[in-house]
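S.K.: Pasted the sequence and its predicted model underneath.
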Amino acid sequence: MDDSLQTAADEASFRRVAMEAYRDHVMRALGLSLPAVESAAELIALAKRARADELEAASGWRTEPPFPGGGEQPERMPTGWRMICACRLFSQGRERGVVFTTFVSGRPVTIFVNAPGTLIPQEYTPLAAR
């Protein structure tokens, strides 16, 4: 395998490991499925409880804004409240991916780590500021 293909495979492997680590962390912090919430404020409060300071310190990772990052305005769906958050993931002094986390009341949280440089919508505001 040439060096560029190996590098791409290594980066994809890193993103998969990070996705699993953040997923496991959120499940430990919030449970397998989120509780049903009655308001956007309650969903934001749950998401704030998912901070990953210890995971990141142990892994040598850093997120900006801090995990779960910035989020859209929660939206009322037929099945409950939903909000998507995103943050940039850094390791070894460089961006390694963009973590997208979807919170839906009453459902498991989903996490995906996209490639570095992926656009985070400007309307996503840091949860820490809410």
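M.R.: That came through fine. Numbers count the residues shown, from 1 in each chain.
S.K.: My read is that residue 95 contacts residue 63, right?
M.R.: No. The criterion here is C-beta atoms under 8 Å, and residue 95 misses it with residue 63 at 10.3 Å. All C-beta spots, glycine's among them, are computed from the backbone N, C-alpha and C.
S.K.: Need the overlap of contacts for those two.
M.R.: Common contacts of residue 95 and residue 63 (C-beta atoms under 8 Å, 6 or more residues apart in numbering): 88, 89.
S.K.: quick one: which of those two has more around it?
M.R.: residue 63 (23 against 15; other C-beta atoms under 10 Å).
S.K.: Can you give me the buried ones in the helix or strand where that one lies?
M.R.: Per DSSP states H and E: residue 63 is located in strand 61-64. By neighbour count with 16 or more other C-beta atoms under 10 Å, strand 61-64 contains the buried residues 61, 62, 63.
S.K.: Chain neighbours aside, what residue packs nearest to the last one?
M.R.: Of all residues beyond its chain neighbours, the one nearest residue 63 is residue 87 (4.2 Å), with distances taken as C-beta to C-beta, 6 or more residues apart in numbering.
S.K.: repeat for the second one
M.R.: When the adjacent residues along the chain are set aside, residue 62 lies closest to residue 90, with 4.6 Å between them (C-beta to C-beta, 6+ apart).
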